[in-house]
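Chemist: Got a sequence here, can you model it:
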Amino acid sequence: MIGRPVRTVVAVTGLLLVAACSGGDPAASSSPESSSTPNPSSQTWSPGTAVPSKASSTAPSKPPSAPPKSTTPGKRATPRPTAVGNGTIPVIPNKPPKTTKRWAPARGTAWQWQLSGSLNLSVNAPVYDVDGVDTSAAQVAELHKRGRRVICYVDVGTYEKGRPDSGRFPASVRGKGVEGWPGEQWLDIRRRNVLGPIMAARFDQCRAKGFDAVEPDNVDGYANDSGFPLTAADQLSYNRWIAGLAHSRGMSVGLKNDLGQVSQLVSAFDFAVNEQCAQFNECEALVPFIRAGKAVLHVEYELGTGAFCAETRKYGFSSMRKPEDLGAAREPC
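Modeler: Coordinates of the predicted model:
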């Protein structure tokens, strides 16, 4: 599922403690993979054409009128934006080093997130986040050849009709549908005996294709109307187990959204992935990752870069604006 599901507001205590870290610039990083000057000729699109303006007097609980899914799970039906640039392929000179140490993105590292359309391998960003099923081992190897690190997008919290392994999910673990996403249902994450082998196989596929890290999606079912009596404790247990699946396979793992549990999960995850924290005034909740020296990979869909880049630069986030279909186009801060 691309985009955020219907959000149930979860009380997060202690968020105001992050004010203590406002005196410095957490964005500073000496990592060669940190890049704040991507090549605009191959990465930007014309704002207002790919993502139409959605005016509202108050912040909605989720972006209204989510586009329907196409027949490919996890993708939107919106056509891929027209490619821009001169067609040249920029190459980042430093290839991923051969090391047994688990890689994780550095704070402030530029990134590309593409989950729909034909994969554009030429974006000048040192980190790619792409679909684990649709992306081939050859494409991962080519990205590595060009000096990129590659994150494997995997859905771990919802059932998606049409995924290759969808037949492995019995009806007993599939709950209410995810509003705005036909064919997608929340999972009963307490049923580890059923979900465990399925998720392990998905992570094995990521490893077999050569991915460096995993982005597990929909890890906040407890905060949504899932159809199951999921508790915060259930979610913490499941999310820590998911992190362990990645680590045991030599891959780093990012915490996707789930802002209500950041303080309890920051030690278990290697970086964070967030959608629209600026639009919903939630970015301070992610500062514990920055304070721990870990990256926050952040995207906005509706706000222009002028409305959030200054704030997220202050925090040290890796921010960009994307069309909601998460095609190749991007507008980095």
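Chemist: Skipping its backbone neighbours, what lies nearest residue 259 in space?
Modeler: Once its chain neighbours are removed from consideration, residue 259 has its nearest residue in residue 285; the separation is 4.2 Å (C-beta to C-beta, 6 or more residues apart in numbering). Any C-beta I mention is one placed from the backbone N, CA and C, and that applies to glycine too.
Chemist: What of residue 225?
Modeler: residue 176 (5.8 Å).
Chemist: State the pLDDT value of the one you found.
Modeler: Model confidence at residue 176, expressed as pLDDT, equals 97.
Chemist: Distance check, it against residue 218.
Modeler: Applying C-beta to C-beta, to the nearest Å, the value for residue 176 to residue 218 is 13 Å.
Chemist: out of these two, which sits in the more crowded spot?
Modeler: residue 218 (25 against 13; other C-beta atoms under 10 Å).
Chemist: Run a quick check on that one versus residue 157, I expect a contact.
Modeler: Yes: under the criterion of C-beta atoms under 8 Å, residue 218 is in contact with residue 157, at a separation of 3.0 Å.
Chemist: residues shared between the contacts of the two?
Modeler: Shared between the contact lists of residue 218 and residue 157 (criterion: C-beta atoms under 8 Å, 6 or more residues apart in numbering) are residues residue 186.
Chemist: Report all helices and strands that the single longest strand found in the chain contacts.
Modeler: Secondary structure assigned by DSSP state E gives strand 149-155 as the longest strand of the chain. The helices and strands touching strand 149-155, judged by 3 or more C-beta pairs under 8 Å, 6 or more residues apart in numbering; DSSP states H and E, are strand 127-131, helix 137-145, helix 192-209, strand 213-217.
Chemist: what about the ones you listed, which gets the closest to residue 120?
Modeler: Between residue 120 and these, the shortest separation by C-beta to C-beta is 9.6 Å, and it involves strand 127-131.
Chemist: Tell me the spacing between the closest residue to residue 299 other than its chain neighbours and residue 123.
Modeler: What sits nearest to residue 299 in space, not counting adjacent residues and going by C-beta to C-beta, 6+ apart, is residue 322, at 5.0 Å. With distances defined as C-beta to C-beta, the gap from residue 322 to residue 123 amounts to 12 Å.
Chemist: can you list residues touching both of these two?
Modeler: When contacts are counted by C-beta under 8 Å, 6+ apart, the set common to residue 322 and residue 123 consists of residue 330.
Chemist: hmm, back to that, please tell me how far the residue nearest to residue 299 sits from residue 300.
Modeler: Separation of residue 322 from residue 300 (C-beta to C-beta) stands at 8 Å.
Chemist: same thing with residue 185?
Modeler: 27 Å.
Chemist: and what of residue 117?
Modeler: When distance is defined by C-beta to C-beta, residue 117 is 20 Å away from residue 300.
Chemist: Could you check which of those two is surrounded by more residues?
Modeler: Higher neighbour count among residue 117 and residue 300: residue 300, with 24 against 19, using other C-beta under 10 Å.
Chemist: Let me see the contact set for that one.
Modeler: Neighbours of residue 300 in contact, by C-beta under 8 Å, 6+ apart: 275-276, 278-279, 307-308, 319-322.
Chemist: Look up phi and psi at it.
Modeler: When quoted as degrees, to the nearest 10, the phi and psi of residue 300 stand at phi -120, psi 150.
Chemist: Offset the numbering so it begins at 33, please.
Modeler: With 33 as the first residue, the last one maps to residue 332.
Chemist: beta partners of it?
Modeler: With DSSP bridges applied, the residues forming beta bridges to residue 332 are residue 353.
Chemist: quick one on the thing from earlier: OK, contacts around the residue nearest to residue 331?
Modeler: By C-beta under 8 Å, 6+ apart, the contact list for residue 354 reads 83, 145, 331-333, 361-363.
Chemist: Extract the C-alpha set from the particular helix or strand that has residue 294 in it and format it as CSV.
Modeler: Following DSSP states H and E, one finds residue 294 within helix 294-297. Backbone C-alpha positions of helix 294-297 (Å, rounded to 0.1, in the frame of the first residue of the first chain) are rendered in CSV as follows:
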residue,chain,number,x,y,z
VAL,A,294,9.2,5.7,18.1
SER,A,295,10.7,6.0,21.5
GLN,A,296,10.2,2.3,22.2
LEU,A,297,11.4,1.1,18.8
